[in-house]
Each structure stands twice: as C-alpha cells, then as structure tokens.
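K.L.:
kindly return the folded structure for what I paste below:
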Amino acid sequence: MALIKSVRGFTPEIGENCYLAENATIIGDVIIGKDCSVWFNTVLRGDVNSIRIGDRVNVQDGTVIHTLYQKSVSIIGNDVSIGHNAVIHGAEVKDGALIGMGAVVLDHAVIGEGAIVAAGSVVLSRTIVEPGSIYAGVPAKFVKKVDPAQSKEMNQKIASNYLMYASWFKEE
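P.N.:
Residues are numbered from 1 along each chain as shown. From the prediction side, this is the model:
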C-alpha cells in the first residue's frame, strides 16, 4: 500500500477507483479525484501547501509534485497525463494537458487546456502556456498550435490507457 502520511493536521483525500502504487508517497494537504493513478516512486508532497488533482489523472513513475510554502499551490485539472520523472512545482495544469517525461513546470506557471509540454522541457516560473499549444526546450518556448480534436483524442487515449494499466495491478 502507498505511504499516505498526515502532516500539520492535513490528511490526504483519495477519490474513488484510484490506483496508488505500493511505493507512491502522498503527504499532507493533497486531494485526488476519482479514477486516478499514482505510479511507482511518485511523491505528492502537500506538506507546505496544497495539491489538488482532478479526475482521470495519471501521475507516472518518479514524478514529484510540490509547492512553495505560503506562496504557491499545485493544481492539476481533469484528464491530465504527467509523464515519468516530471516535476510540477507550484503550478497549474489545466484539463486535458499532457506533461512529457522529465519535464519541469515551475511555480505559478499555467499550462493551458489541451496543451503539451514536450519531454525534458523546463517551463519557467510564471510562464503561460496557451491552450492547445506545444511548448518544448530549456527554457520551454512555443513550438506550434495543435489540432484541438487531435490533442483531445491523444490525451484521452493516454488517460484511458492508464486506467486500463491500473486495473491490471488492482487484480493482484
């Protein structure tokens, strides 16, 4: 079972039908919606401020989500995929966005609805990533707009695949 730890009077709240890997760590002021998956070696550290995760979100292996004490919160919308070893630190990721593997999203950045942050990118503090766009690089910059229907289809496919993957582990 995942390590779920209370701190400063806050106990994580986990929605219905969520999969939490055995070595995932969820601490403090964290609320997770329904049908989510939090994978191996992931840390959701709501010790210094709040983390809010919507429905049908997959937080893949090795990801860290954290905040700044009294200065930033992390808010993840619905139908979001966060790739392996990503870092979300005090940022907002809106519905249907995709954060690529190894990407870093820093405090007060906003990732727009249906946007894609490419693998290995660094989204600097206070950057606004427009809805339906692709950002890539260090620091991340606008690359191009994506077809909204294509983006939605791809991101929903990833999200539904992760629901399927999670079901494999629940059966054991």
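K.L.:
C-alpha only now, for contacts and for neighbours.
P.N.:
Noted.
K.L.:
wait, what's in contact with Gly15?
P.N.:
For Gly15, the contact set (CA atoms under 8 Å, 6 or more residues apart in numbering) comprises Ile31, Ile32, Gly33, Lys34, Asp35, Cys36.
K.L.:
kindly apply the preceding question to Ala115 instead.
P.N.:
Ala115 sits next to Gly96, Ala97, Leu98, Val129, Glu130, Pro131, Gly132, Ser133, Ile134, Tyr135, Ser151 when contact means CA under 8 Å, 6+ apart.
K.L.:
pretty sure the third one is touching Ile82, no?
P.N.:
Yes: applying CA atoms under 8 Å, one finds Leu98 in contact with Ile82, separated by 6.1 Å.
K.L.:
same list (the contacts of Gly15) but as TSV, adding pLDDT, distance to Lys141 and secondary structure.
P.N.:
Shown next, in TSV, are the contacts of Gly15 (pLDDT from 0 to 100; distance: CA to CA, whole Å; DSSP: H, G, I helix; E, B strand; the rest coil):
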residue	pLDDT	distance to Lys141	secondary structure
Ile31	98	31	strand
Ile32	98	30	strand
Gly33	98	30	coil
Lys34	97	32	coil
Asp35	95	32	coil
Cys36	96	29	coil
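K.L.:
spatially, which two of these are the most separated?
P.N.:
Ile31 and Asp35 (12.8 Å; CA to CA).
K.L.:
tell me which of the two has more neighbours.
P.N.:
Asp35 (22 against 19; other CA atoms under 10 Å).
K.L.:
who wins for most neighbours among the contacts of Ala115?
P.N.:
Leu98 (31 neighbours).
K.L.:
who does that one bridge with?
P.N.:
Leu98 has these beta-bridge partners by DSSP bridges: Ser81, Ile116.
K.L.:
and it, how far is that from Phe169?
P.N.:
Going from Leu98 to Phe169 by CA to CA, to the nearest Å gives 23 Å.
K.L.:
what do you get for Ala115?
P.N.:
Ala115 sits 29 Å away from Phe169, taking CA to CA as the criterion.
K.L.:
any idea how far apart the tips of stretch 103-113 sit?
P.N.:
Rule used - CA to CA; the end-to-end distance of stretch 103-113 is 17 Å.
K.L.:
what pLDDT, on average, does that stretch get?
P.N.:
For stretch 103-113, the mean pLDDT works out to 98.
K.L.:
off-centre distance for that stretch?
P.N.:
Relative to the centre of its chain, stretch 103-113 is centred 10 Å away, using CA atoms, centre = their mean, to the nearest Å.
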